[in-house]
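**Q** Sequence first, then the predicted structure:
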Amino acid sequence: MSSTRIVPDFRLDMVGEPCPYPAVATLEAMPRLQPGQILEVVSDCPQSINNIPVDARNHGYEVLEIQQDGPTIRYLIRR
């Protein structure tokens with residue numbers, strides 16, 4: 001386990017937003033980042049665990065981390 005904590009460049013708080021909005025907002029936000037920058041997405045939509053990582057990878061982004069804490073899921077995605 002890595003002891004270095006990843007510090008995101010930007011945060012997208014999608015708590016309370018129903019699917020598919022968290023995934024859509026993630027894909028809209030990613031092109032605004034510079035290559036190598038990291039977006040943190042926080043969502044409590046259960047389906048986001050299926051669509052956010054898949055959509056990100058399909059668009060060529062790197063999913064660095066997925067953390068679930070109760071209903072809240074946190075994603076770290078690198079452009």
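**A** Ah, there it is.

**Q** could you say which helix or strand contains the residue lying closest to L12 once chain neighbours are set aside?
**A** Using C-beta to C-beta, 6 or more residues apart in numbering and skipping residues adjacent in sequence, the residue nearest L12 is V41, 4.7 Å away. Heads up, the C-betas are built off the backbone N, CA and C, glycines and all. Element membership for V41 (DSSP states H and E) is strand 38-43.

**Q** repeat for R57
**A** Here R57, judged by DSSP H and E, is contained in helix 48-58.

**Q** for the record, mean pLDDT for the next helix or strand after that helix?
**A** Downstream of helix 48-58, the first helix or strand assigned by DSSP H and E is strand 62-69. Throughout strand 62-69, pLDDT has a mean value of 97.

**Q** Excluding its own residues, what touches strand 62-69? List them.
**A** 6, 38, 49, 53, 56-57, 73-78 (C-beta atoms under 8 Å, 6 or more residues apart in numbering).

**Q** Kindly recompute the last result at 10 Å.
**A** Strand 62-69 is touched from outside by 2, 5-6, 8, 36, 38-42, 44, 46, 48-49, 52-57, 73-79, with contacts defined as C-beta atoms under 10 Å, 6 or more residues apart in numbering.

**Q** Kindly report the same for stretch 45-53.
**A** With C-beta under 10 Å, 6+ apart as the criterion, stretch 45-53 contacts 14-27, 41-43, 55, 58, 61, 63, 66, 68, 71, 73, 75, 77.
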